[in-house]
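1. What follows is a predicted protein model with its sequence.
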Amino acid sequence: MQPTKAAINFLKSVLAASQIEGSRNKLDIFTDRLKKAVSEPTLPLAMESLMTAVNTTSERIHPLTIVEMVRISSTRDAPRILRWLREQTKIAVMLAATHDEGILAEVLPEIELPAGEITGAAVARQQYAVSIKATCETPLTHGSDGKAGNATLFRRIAVLATNGNVLELPYYSGNAIRGQVRDLLADHFIESIGLTASRSKPAVSLWFFYALYCGGALEEKSDAMKAIRKQLGDHGAIRSEGIREFRQNLPALSLLGCALGNRVLPGHVQFADLRPVCSEWGTGTKPIAEMLTWEFLTRREDFEDHEEHHGMIANTEVLKTGVELEGGVDMDSSMPEIERSALGCGLNLLSERSMIGAENRRGMGRVKFEMQGVPDESIYLDWLSDNHANISEYLRQISALP
């Protein structure tokens, strides 16, 4: 039997035998389950995962259909079928759902399967001013923008390999690292001037809270924004002295940059993404497929005095415990020494926290950091201690304190 026809017949049988429950359309749910299943490294594992996901067993599928699927799973066409299912999941489900054998007889022979294995490696990166290596002590999850129902895929990026092939490789976003360093430096700064760092009841004005923790918010009419515009300039005019004073009094904020009113102050540091050490990224020998797996998540409901169940189950794709990731940080050549030291403080705080990614509350994302070239943090710490009163006075001047 033609490999594509055998695969579609198998999907058709699994779909018919599936026991899917939910408020959504059955085909939509089946598509999500298939999308998750074909993330497995081999076709047999993908089909086994699919049957489990749709709550069916081999006993509910015709033996000849299983025999044909097993046969093609041991041929050179198996990787090609698996890749086609990954790239054309919705089309495969549409074909499996059709009852018109004439359409299938006409369409299936015309399907051209892609090459089974996408080979190649990414171009190696240059060295960073600060090198970062993170070793996963627990599974690490970092969700992509798209989901497969209740399954969250690990974030990936399209990479042009040295041989011209396009690879879809997992990575941990540099912007996520930047955000964590920003939060840690913000907490540290607020506590260093004698205030309590709280996300629910900020000890500083709301606009300044957003600047510290989120990089700012674009506002136009608030009194705080009027004070900022007076300090930094407005209507296209720039008060260089005001900007200089802002950067000097808030080096950690100047380091990462922020938006104030209708003005954006750029930062002075660049965070690279963390990439798993693997053959596809050109940094290891093991393929990335051996480093990924799935974790099953549940959220129980504590309130049980009702008839309808409100608990939740989910799956998330993770990098396995023991996987190493590499990245780094670069700095502008014009970065002041105090900002370099603030960066060192932020990286040390990140290393001490030793957690990245989502689902930290479930024990995921604990990593061991190894960093080389981290700037000395003592200059920034001493400056905070020596300038406590001056900083507080400046914050009052720009309406940063309530």
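-> Good, I have the coordinates.
2. Tell me the spacing between the residue nearest to residue 165 when sequence neighbours are not counted and residue 201.
-> Leaving out its chain neighbours, the residue that sits closest to residue 165 by C-beta to C-beta, 6 or more residues apart in numbering is residue 120, at 4.3 Å. For the C-beta atoms, the positions are set from N, CA and C on the backbone; glycine is no exception. Going from residue 120 to residue 201 by C-beta to C-beta, to the nearest Å gives 52 Å.
3. higher neighbour count, the two?
-> Shown here are residue 120 and residue 201; by other C-beta atoms under 10 Å, residue 120 has more neighbours (17 against 6).
4. for that one, phi and psi?
-> phi 120, psi 170 (degrees, to the nearest 10).
5. before we move on, what about residue 333?
-> According to degrees, to the nearest 10, residue 333 has phi -60, psi -20.
6. I'd like the numbering to begin with 307 instead of 1 from here.
-> Shifting the count to begin at 307 puts that one at residue 639.
7. Look at it and report its pLDDT.
-> Looking at residue 639, its pLDDT reads 91.
8. can you check the one 4 residues further on too?
-> The model reports residue 643 with a pLDDT of 97.
9. for residue 364, same thing?
-> pLDDT, residue 364: 87.
10. what do you get for residue 525?
-> Residue 525 carries a pLDDT value of 57.
11. Check residue 606 too.
-> 58.
12. again with residue 563
-> Looking at residue 563, its pLDDT reads 93.
13. do the same with residue 459
-> Looking at residue 459, its pLDDT reads 87.
14. looking at this, it is in a strand?
-> Yes. Counting by DSSP: H, G, I helix; E, B strand; the rest coil, residue 459 is part of a strand.
15. What separation do you get for it and residue 555?
-> 43 Å.
16. which one of these two has more residues nearby?
-> residue 459 (22 against 18).
17. in the stretch 307-456 of the chain, which segments are predicted with low confidence?
-> 307, 452-455 (pLDDT under 70).
18. Could you give the bridge partners of residue 620?
-> Beta-bridge partners of residue 620, counted by DSSP bridges, are residue 603.
19. looking at it, it is touching residue 449, isn't it?
-> No. If you go by C-beta atoms under 8 Å, residue 620 and residue 449 don't touch, sitting 10.6 Å apart.
20. Give the residues shared as contacts by those two.
-> residue 458 (C-beta atoms under 8 Å, 6 or more residues apart in numbering).
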